[in-house]
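A.B. asks: Provided below for reference: sequence and predicted model.
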Amino acid sequence: MNPEVSVKEPHTGTLCYHCGQPCEEKLWLDEKVFCCYGCQTVYEILNANNLCRYYQLDLHPGLSQRKQTDENFLYLDEKPIRKKLLSFDSDHFARITFSIPAIHCVSCIWLLENLQKIDAGVLRSETNFTQKSVTIDFNPTHTKLSHIAATLHSLGYAPLITLDGTKSNKKTDNKALLLKLALAGFCFGNVMLFSFPEYLGIARADAFLTRVFSWLNLLLSIPVFVYSSSDYLKSAWKSFTQRQINIDVPIAAGLVALFFRSAYDILSHTGPGYFDSFTGLVFFLLTGRWFQNITYESLAFDRDFKSYFPLAVQKKGNDRWESVIVHQLLPGDQIRLRNMEIVPTDSKLISAPTFIDYSFVTGESRPVNANPGDLIYAGGRLIGQPAEMVVEKSVSQSHLTSLWNNPAFGKTNESQYKKMIDRAARRFTWIVLFLAFATAVYWQITAPTQMWLVLTSVLMVACPCALALSAPFTFGNTMRVLGKHKLYLKNADVVERLAAINSVVLDKTGTLTHGEKPKIEFIGKLTDEERAAIHALTGASSHPLSMMITSSTFSDSPKVISNFKEIPGQGVEGVIDGQTYRVGSAEFVGASSLPSAGGSSVFISINKEVIGYFLISTSIRKNIKRMIHALGNKMDALLSGDKETQSDELRKLFPQSTLFFFNQSPHDKLEYIFNLQLNGKTVLMVGDGLNDSGALKQSDVGLAVTDRAGTFSPACDGILEGSQLGQLDKFIALSKSSIVILKTAFVISFLYNALALTFAVSGHLTPLVAAVLMPLSSISVVGFSTLAVTFTAKRKLS
Amino acid sequence: MIIVAVLILISLIIAFIFLFLFFWNIRTGQYEDTYTPSVRMLFDDEIKKDTQDTNTN
């Protein structure tokens, strides 16, 4: 390759020399054209370090720098974070592996492996193209981790930094399994070879060779017993020490019996042993397990998928605030949070002092004072007036998920099926052990030579692992399907509880009605100043009615609120320009006369003087009528914190048996759910997660409905996107079918075991066939439940 | 017949050598990335040239 020629070739027309995108405004440097300053800067860095061969290995190898923002990697230098990321750390040598999704061509590999020319502290860097990662050795006294990350970022190879190391663990597990499998296969092949004379009956002619062969067999089987089958033996031993019995016990018993019996045969010169069966058994068991792992990985439901939470936050755009999904947040973005909203990621407070409630993270419910410049940790909930923050770290999905699954928000009743399966599996194991013993006695009397093989087959084939796997796969897959239809469940147990629902309670505002095109009218008189003040005050609250008023009273003069207070179910209060504003229910602001027209009314008072009210009539979501009819008698009640309005229109939607309650405080809602449960009902509560979070937690299944801007309430069991509320009955129906599918899977797996056991006990099944059948049965049961759920979902949720 | 036993032992030893080579391959992760080393091999020449060019630095 001639560098002189190829330098000029890529330089054509108005394509950026660095990234190859068409240039709108041309920037010239060294007779090369660039589309933006970002691309030009990367070129300058490379040019200064004599790394321009980057451009010769591939045409326009760079990535467009136009959308890059400045990221701050300083947090990487903090000790606990360093410790998590580095695979090796000492005073003069450290090693880190960065995942870099942007790696895409030969030039990338070349540049990333020449990092030491840009940063002198880097000792060596090695790219892994298939895994899109770079392993960097560096000298911590000469460079900093944050500097390396920033260098990578400035070159357009922003590292993807995740702080949970679960992935690498799984990989080493798989590697160990492969090694065990290789050893077992190797020994199995050789043992078979040495058993050949025995198979053909040649061996009897030469006693010396027979002995050599059987000793070799014994030697080859020892590593298989000690290393390859160690997983089964360890697991069984562990269950023994805990005075329990698990599904690995029969397998381990079979292996131990076969191995020691064969060893005894050879040592005492009484027979050739069954080492061919033994090594083959381990080999097939491990092959089955390996194949199982592959199947499960491809069927597995990824809890990390990006669309998991429909959680949105307000981010400062060019000239206004816009609502974005939390995953799109980058360090350096400025976000604004309203009262009761959760801080999605570690951020720095830049607005006035406020209070943060860390009860979701620490369990301590007293709010903590936060001053400008303080770091607010993810999971804190803002209490008080709106606060502006600068994002320090990108959002970690796993952190939010773990927050949601915090035991503090768990429901006490454990999964019924899990308990049932555990009990059944244990009982089943005892039955198998007993059966194996009885079979051994019978065969010892009738045909002693066959006894050990029959015993082993019985122990192998009876493993009830299909039973243990069917529940997680059925529920997990149901959860995934529901997630596709925008009902995001907290964990698989919720599916089971959702199926048992026999009573549904709905919240009204923000749940049944939606705020997309509300009719808002102000009855009274407002000056522009007052309008702006109300805009600011309601903008601080995340209640659906507040949000509607905020969007209707647009104003460009920002107001500063002090002494902000929000009383759930009543209203908001704050001091603006020295005037005390109250926005909320009639009692809250002290209004006496009730308006007669339909719709929700929100009253305004300034310095305790009522100046008027907003009349808001919201429309009811689509498909609600069909959903309510499908629910039928299950539809128990409608709870609302509002005055009794709109009820005629609403009443028509619901069956006669549905009860209506108005003026409900958050506590009233909780109490109502509690009373239903006392009467033996299993209650599904659907609310907006704000002033009914207590009721959501009390109910058996609590779903929070969100429109675009979601407020994340860890107390709920699921988040339902508003547009999908009309499908609620179908979601419940799907959960019910998943229970039926699970029961069918149970029956199939029991039939499998029973059938195979009959064959094994009667001596028609060799241990090798048993070892192949076992993983096959598990895979077929798992495959059945996965396919059945997908098929049912397609039919029901079309 | 002793010669048969000796031959078998030798063949087993050779087989074990390959088994351990396989273990070594897996443990050092040689099957994990089969692409980068092939490309990196081609870089070497160029980097040497590069250092000659830039010796003045």
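C.D. replies: In hand now; what should we look at? Numbering: from 1, shown residues only, chains lettered A, B, ... in the order given.

A.B. asks: In space, not sequence, find me the middle residue of chain B.
C.D. replies: Centroid-nearest residue in chain B: B:N25, 7.4 Å away (criterion: C-alpha atoms, centre = their mean).

A.B. asks: secondary structure element for that residue?
C.D. replies: If you go by DSSP states H and E, B:N25 is part of helix B:2-27.

A.B. asks: So which bits of that helix are buried?
C.D. replies: B:5, B:8, B:12, B:19, B:22, B:26 (16 or more other C-beta atoms under 10 Å in any protein chain shown). (Glycine included, C-beta is placed from N, CA and C.)

A.B. asks: Quick check, the fourth one in contact with A:F186.
C.D. replies: It refers to B:L19. Yes - here B:L19 reaches A:F186: they are 5.1 Å apart, a contact under C-beta atoms under 8 Å.

A.B. asks: element containing A:E322?
C.D. replies: Counting by DSSP H and E, A:E322 is found in strand A:321-325.

A.B. asks: Ok, B:Y31 next?
C.D. replies: Applying DSSP H and E, one finds B:Y31 in no helix or strand.

A.B. asks: Once you drop chain neighbours, what's closest to the residue nearest to the centre of chain B?
C.D. replies: B:Y31 (6.5 Å; C-beta to C-beta, 6 or more residues apart in numbering or on different chains).

A.B. asks: check contacts around the residue lying closest to A:I606 once chain neighbours are set aside.
C.D. replies: The shortest distance from A:I606 to any non-neighbouring residue, by C-beta to C-beta, 6+ apart, is to A:Q579 (5.3 Å). For A:Q579, the contacting residues are A:533, A:606-607, by C-beta atoms under 8 Å, 6 or more residues apart in numbering or on different chains.

A.B. asks: These in strands, which ones?
C.D. replies: A:I606 (DSSP state E).

A.B. asks: Can you tell me which of the contacts of A:Q579 has the most neighbours?
C.D. replies: With neighbours taken as other C-beta atoms under 10 Å in any protein chain shown, the top of the contacts of A:Q579 is A:A533, carrying 26 neighbours.

A.B. asks: partners of the closest residue to that one other than its chain neighbours in the sheet?
C.D. replies: With C-beta to C-beta, 6+ apart as the criterion, A:A533 has its nearest non-adjacent residue at 4.3 Å, and that residue is A:I576. For A:I576, the beta-bridge partners under DSSP bridges are A:Q579.

A.B. asks: Test my guess that A:I576 contacts A:K559.
C.D. replies: Yes - here A:I576 reaches A:K559: they are 5.1 Å apart, a contact under C-beta under 8 Å.

A.B. asks: Give me the common contacts of the two.
C.D. replies: A:533, A:536-537.

A.B. asks: Go through the residues you listed and flag which are in helices.
C.D. replies: Counting by DSSP state H, the shared contacts of A:I576 and A:K559 place A:533, A:536-537 in helices.

A.B. asks: ok, so of the residues you listed, who is nearest chain B?
C.D. replies: A:A536 (56.0 Å; C-beta to the nearest C-beta).

A.B. asks: Tell me how far whichever residue of the stretch 201-350 of chain A sits closest to chain B lies from A:R261.
C.D. replies: Residue nearest to chain B within the stretch 201-350 of chain A: A:V212 (4.9 Å; C-beta to the nearest C-beta). Applying C-beta to C-beta, to the nearest Å, the value for A:V212 to A:R261 is 21 Å.

A.B. asks: Might you list the low-confidence residue ranges for chain B?
C.D. replies: Chain B contains residues with pLDDT under 70 at B:44-57.

A.B. asks: can you check the stretch 601-750 of chain A too?
C.D. replies: Checking the stretch 601-750 of chain A against pLDDT under 70 turns up A:643-649, A:689-691, A:707-715.

A.B. asks: thinking again about what came up before, helices and strands around the helix holding B:N25, which ones?
C.D. replies: Applying 3 or more C-beta pairs under 8 Å, 6 or more residues apart in numbering or on different chains; DSSP states H and E, one finds that helix B:2-27 contacts helix A:166-200, helix A:207-223.

A.B. asks: The longest one vs helix A:207-223, what angle?
C.D. replies: Looking back up the chat, that one is helix A:166-200. 170 degrees (axes from the mean of the first three to the mean of the last three C-alpha atoms, to 10 degrees).

A.B. asks: Say whether chain B is contacted by helix A:166-200.
C.D. replies: Yes - against chain B, helix A:166-200 shows contacts by C-beta under 8 Å from any C-beta of the partner chain at A:175, A:178-179, A:182-183, A:186, A:190, A:194.

A.B. asks: Just the buried positions in that helix, please.
C.D. replies: Neighbour-count burial for helix A:166-200 [16+ other C-beta under 10 Å]: A:177-188, A:190-191, A:193-195, A:197-198.

A.B. asks: cool, the last one as well?
C.D. replies: By neighbour count, with 16+ other C-beta under 10 Å as the criterion, the buried positions of helix A:207-223 are A:209-210, A:212-214, A:216-218, A:220-221, A:223.
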